[in-house]
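Give me coordinates for this.
(one chain, ligands or ions: 1)
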Amino acid sequence: MRPPHIHTDNTSLPSKKQNMPITLPDLQDWTFNVDFEGIAWAVIDRKGESMNALGRRATEELGEIVKAVEDAPAGEIKGLVLMSGKESSFIAGADIREFQDFDTEDKIKDVVTQTLELIDHIDKLPVPVVAAIHGYCLGGGLELALACDWRIADREEGTRLGFPEVKLGIFPGLNGTVRALQVAGPVDAMTAMLTGKMLRPTAAKAMGFVDQLVPTRHNLRWAARKAVLQKRRSKGAPWWKKLMLKQPVRGMLAKQMRAKTAAKVREEHYPAPFRLIDLFERYGDDPVRMKRAETEMFTPLMVSETSRNLRRVFRLSEMLKDAAPKDGFKPRKVHVIGAGTMGGDIAAWCVVSGMQASLQDLDQDQIKKALGRAKKLFKRRLRGKTAVDSALARLIADPEGKQIKHADVVIEAIVEKLDVKQKLFAELEKKARPGAVLATNTSSLKLEDIAKPLEDSGRLVGLHFFNPVAQLPLVEVVSGERTREEEIGKACRFVTAINKLPLIVKSCPGFLVNRVLAPYMMEAVRLYQEGQPREKIDQAALKFGMPMGPMELMDMVGLDICNKVGEELDLAPKSDGKADNVLATLVKQGKLGKKTGEGFYVWVDGKPKRDEAQYDDAELERLGRELIEPLLDEAERALADHVVEDADHVDAGVIFGTGFAPFRGGPLHYRQSEKNAQAEKAAA
Ligand code: NAI
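Now for the predicted structure:
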C-alpha cells in the first residue's frame, strides 16, 4: 500500500486542528476527501466503466484510503463513508474479467488473503464506517458493505443487493458467508446465497443486510453524515435468529437446504451451493473457523471447470448485449400483428419491459385471450397494483392497426403463409412511419421472399422469438441478403431494450437455434422408435445437463410443429415403408403433446405422467452423450456455414436459446474440451 499523501498547501478544506488536510491525489478509481466535520468520503467511480466492480486497482486504492484513515492523527477523522459516483451501481461485484488470471489455487489464495486483510481492517477501524448504497450492491460489493458498521440504502427502483456467486459456480469468498449469517441469521442469509436472487432494498432491510432506508440517492449523504456523527453500529441478527446457528437446528436446516437445492440442480453439475451448505453445517456457529474454511473451500471451486464455464456464459451474455449500438434508436412503442401464441406474448413482454404495445388481429377473440394472458404475466412480474394497472393501460387492443403509424417497431406474428405475410408487409410499408423497424417473427419462411413486395426490401429484419417468450432470454435477429446494417443495429437495440439477448443470424433454414436443436430432437425420436423408453431418454438428457428431456420438450412445443421442422430440415426419421415414423403417426392420431393432452406422454394437470423406473447411471451417461452428438455436429456445421459470426456466438445462441447445459460452456466449447482431454490422456 502506498502511504497517504500529506498536502502542505491549503487547496483542500483544512481540518480544525491541523493545517495538513489528508488527501490521496493519485487515486483513479476512487476519490477521497475529509470534510470540515472530519467525515472522510470515499467515492468509487471507476474510470471508463459504466459499472463499478472491485478490480485489482480499485481494491489497492481502497487499501490506501483505509490506511489514510488508520494513520490519521487521533480525532482527525470521525468516520468513513463508502459510496459510489455511478448512476446504477454501488459495487456490482468483483471484476470478472480479472478472474481469467487466477488459474491456480495458489494465485487465488494470494489475492483473496490480501483482500481479506483489507476487509478486516475496515471491520476493525476505530471510527464508524458507513456504506451508503445506491444501485447494484452485489457479490464482493455486498461483502464489503457487510464489513461496515452501518449500511444505508435508498429505495430507488434500480437499487438491488445480493450474492449472485452461485450463478458463477462459486460462493462468497470475502468472508461474506460468515458476515451474512451474523447480520441476517441462517435462513435468510443462506437463501440469499443459495439462490443468488437480487433483493430489493425493503427485502434487504427486513433480512438485516441493510440497517436503514432512505427515499432516494439524494438523501444518502445526509443520512450517512448523521450515522457517522451518531456513531451508529448495526446490532446484527436478533438473538432468536442467532440461536438457529447452533446445533441441532443448524443440522436440520442444512438437511432441508440440501433437499431444496437438489430439487433444482444436480450436485455433479453445480457443486457450489452444496459446498456452501457443507461450510454452514460444519462451522456455522464458529465465525473464526468458518472464515478460514471459507477460503479453503472457495478456492477449488474458483479454479473448477464448472466455474470457468459459467463465467464464460456470463461473458457470452455480455458479448451479445454489446452487439447493440450504444445510442441512436430509442424504441418506446411497439405494434404487434397477430395475437396468437407468439404475438400476444411478445406484446405483453414489451409492456413488462416498460414499452407501450398495441396488438392487432383479424380475430377479436384472439386479442381478448392475449390480454387475459398478459394480465397474468403482469401480476407475476410486476409489483403492486399501480404497476399492473399502468402496464394494462400500456397494452392497447388495436384490431384496425390505428397505432401502426406511431410505432417505433412493428412485429408481424401471423400465420406462417408466404402470400399472407407478403400482402401484409406491402401494406405495412405504406403505413409505418419512416425509420420504424419492420420485423417478422417467421420461423421457416425466407426473409428475402417475404421482403419481395416491399419497395425498400433492405428494411425488413427477422425478430425470431422463442416460445415461451417470457422464459427464453434469446431473440435471433435475422439478417436477410438485402437487410441493411442499420436496421439490424436498430433491431438489436430493441431486443436489449426489452431485456433479451440479441443474436444476429443469417437468413437460412432453422436459423441457428432450431437448426441445432432439431437433429437432437430427431435423435430422441429415433432412439424412442428403436425401443428406448421415453423416461430413459429424458433422464439421459437431464444427466447430461439439459434443462428438460427432449421427449417432454417436444410434447411442450407441439408434435405437429416438431414434425414440420423435422421435415423442413429433412431430418425426420424415415418411415420403414410399412408404417410412418412414430412422430408422424402421433401427429396423424391427433396426439400433438401437451396441448391435446397426449403426445409421447399423457398429460394430466399440465404435467406428463411418467413411469418411475430407475436407470443405471453409467448407461444414462452413455445415452445422454449419444443423444447430444447430432447437436454438436450441427453446431459445427452451422459455424462452417457462417450462420453466426463465430464459435462464441454459436455457443451463446445454443445456451441462451435451448438451455444447453451452461456448466459445459456451450456445444463447441464442450467438444473442444473433450478433444483436449483426450489429447492429454493420450500424451500421458
Ligand atoms: P398462431 O396461429 O397462434 O397465431 C397467429 C395469429 O395471427 C392468429 O391469431 C390469427 O388470427 C392471426 N392472423 C392471421 N392472419 C392475420 C392477418 N392477416 N392480420 C392479422 N392477424 C392475422 O401462430 P403462432 O404460433 O403465434 O405463430 C405466429 C408466427 O410466429 C409464425 O410466423 C410462426 O412461424 C412464428 N413462430 C412461432 C413459434 C411457436 O412456437 N409457435 C416460435 C417462433 C416463431
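
Can you give me the buried ones in stretch 348-360?
348-352, 355-360 (16 or more other Cβ atoms under 10 Å). All C-beta spots, glycine's among them, are computed from the backbone N, C-alpha and C.

ok, A684 - how many residues close by?
Using other Cβ atoms under 10 Å as the criterion, A684 is surrounded by 5 other residues.

I misspoke; the intended subject was D278.
The tally of other residues near D278 (other Cβ under 10 Å) stands at 15.

to the chain's geometric centre, what's the distance from the helix or strand where it lies?
Counting by DSSP states H and E, the secondary-structure element that holds D278 is helix 272-283. Put simply, helix 272-283 sits 24 Å off its chain's centre (Cα atoms, centre = their mean, to the nearest Å).

Stretch 159-170 too?
A distance of 10 Å separates the C-alpha centroid of stretch 159-170 from that of its chain, computed with Cα atoms, centre = their mean.

re earlier: now narrow the buried residues of stretch 348-360 to whatever sits close to the ligand.
Near the ligand, judged by Cβ under 6 Å from any ligand atom, the entries from the buried residues of stretch 348-360 are Q360.

Throw the buried residues of stretch 348-360 into TSV and include pLDDT, thanks.
Written out in TSV, the entries for the buried residues of stretch 348-360 read as follows (pLDDT from 0 to 100):
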residue	pLDDT
A348	98
W349	98
C350	98
V351	98
V352	97
M355	97
Q356	98
A357	98
S358	98
L359	98
Q360	98
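
Of the buried residues of stretch 348-360, just say which sits nearest to the ligand.
When the buried residues of stretch 348-360 are compared for distance to the ligand (Cβ to the nearest ligand atom), Q360 comes out closest, at 5.8 Å.

Hmm, that closest one is touching I337, no?
Yes - counting by Cβ atoms under 8 Å, Q360 sits close enough to I337 to count as a contact (4.7 Å).

which residues do the two both contact?
For the pair Q360 and I337, residues contacting each of them under the criterion Cβ atoms under 8 Å, 6 or more residues apart in numbering are G401.

so what's L80 scoring on pLDDT?
Listed pLDDT for L80 reads 98.

Which of the helices and strands in this protein ranks last by mean pLDDT?
Of the helices and strands making up the chain, the lowest-confidence element is strand 5-6, at a mean of 42, by mean pLDDT, DSSP states H and E.

after that strand comes which helix or strand?
strand 22-23.

Pairing partners for that next one, with directions?
strand 5-6 (antiparallel) (DSSP bridges).

Do a quick rundown of the helices in the stretch 451-600 of the chain.
In chain order, the stretch 451-600 of the chain shows helices spanning 485-497, 513-529, 534-544, 550-557, 559-568, 582-588, with DSSP state H, counting those that start in this stretch as the criterion.

Going by mean pLDDT, which of those helices comes out lowest?
When those are compared by mean pLDDT, helix 559-568 comes last with a mean of 87.

relative to helix 513-529, how tilted is that helix?
Angle, helix 559-568 to helix 513-529, by axes from the mean of the first three to the mean of the last three Cα atoms, to 10 degrees: 100 degrees.

Contact partners for the residue in the chain that the ligand sits nearest to?
Proximity to the ligand, evaluated over the chain using Cβ to the nearest ligand atom, is greatest for G340 at 1.8 Å. For G340, the contacting residues are 361, 366, 370, 413-414, by Cβ under 8 Å, 6+ apart.

Using PyMOL, define a selection of the buried residues within the residues you listed.
Typed into PyMOL, the line below selects the buried ones among the contacts of G340, using 16+ other Cβ under 10 Å:
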select buried, resi 361+366+370+413+414
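
show me which of the contacts of G340 neighbour the ligand.
Okay, of these touching the ligand (Cβ under 6 Å from any ligand atom), that's 361, 366, 413-414.

Mark which of those residues are part of helices, please.
With helices defined by DSSP state H, the entries of the ones next to the ligand among the contacts of G340 inside them are Q366.

What's the end-to-end length of stretch 476-485?
This stretch, stretch 476-485, spans 15 Å end to end (Cα to Cα, to the nearest Å).

Any chance you could list what contacts it?
Taking contacts as Cβ under 8 Å, 6+ apart, the residues outside stretch 476-485 that touch it are 323, 446-448, 451, 457-464, 488, 491-492, 495, 502-507, 511-513, 653, 657.

Now do the buried residues in it.
Using 16+ other Cβ under 10 Å as the burial criterion, the residues of stretch 476-485 that qualify are 476-480, 483-484.

For Q403, state which of those is nearest.
Ranking these by separation from Q403, with Cβ to Cβ as the measure, puts V477 on top at 23.1 Å.

what's A223 in contact with, if anything?
When contacts are counted by Cβ under 8 Å, 6+ apart, A223 touches 132, 152, 212, 214.

hang on, the earlier thing: how about the helices of the stretch 451-600 of the chain in a markdown table, adding distance to G251?
Listed next are the helices of the stretch 451-600 of the chain as a markdown table, based on distance: least, Cβ to Cβ, whole Å:
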| stretch | distance to G251 |
| --- | --- |
| helix 485-497 | 46 |
| helix 513-529 | 42 |
| helix 534-544 | 29 |
| helix 550-557 | 36 |
| helix 559-568 | 47 |
| helix 582-588 | 49 |
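
out of those, which comes closest to L639?
Taking Cβ to Cβ as the measure, the helices of the stretch 451-600 of the chain were each checked against L639, and helix 513-529 came out nearest at 10.2 Å.

that older thread, take the contacts of A223 and keep only those in helices.
Among these, no member lies in helices (by DSSP H).

just these that are near the ligand?
Residues shared between the contacts of A223 and the neighbourhood of the ligand: none [Cβ under 6 Å from any ligand atom].

Show only the entries of those found in strands.
Filtering the contacts of A223 for membership in strands, criterion DSSP state E, returns 132, 152, 212, 214.

Tell me how many other residues surround the residue nearest to the third one when sequence neighbours are not counted.
The one in question is Q212. Excluding the flanking residues, the one nearest Q212 by Cβ to Cβ, 6 or more residues apart in numbering is I152, at 4.5 Å. The local packing count at I152 equals 28, with neighbours defined by other Cβ under 10 Å.
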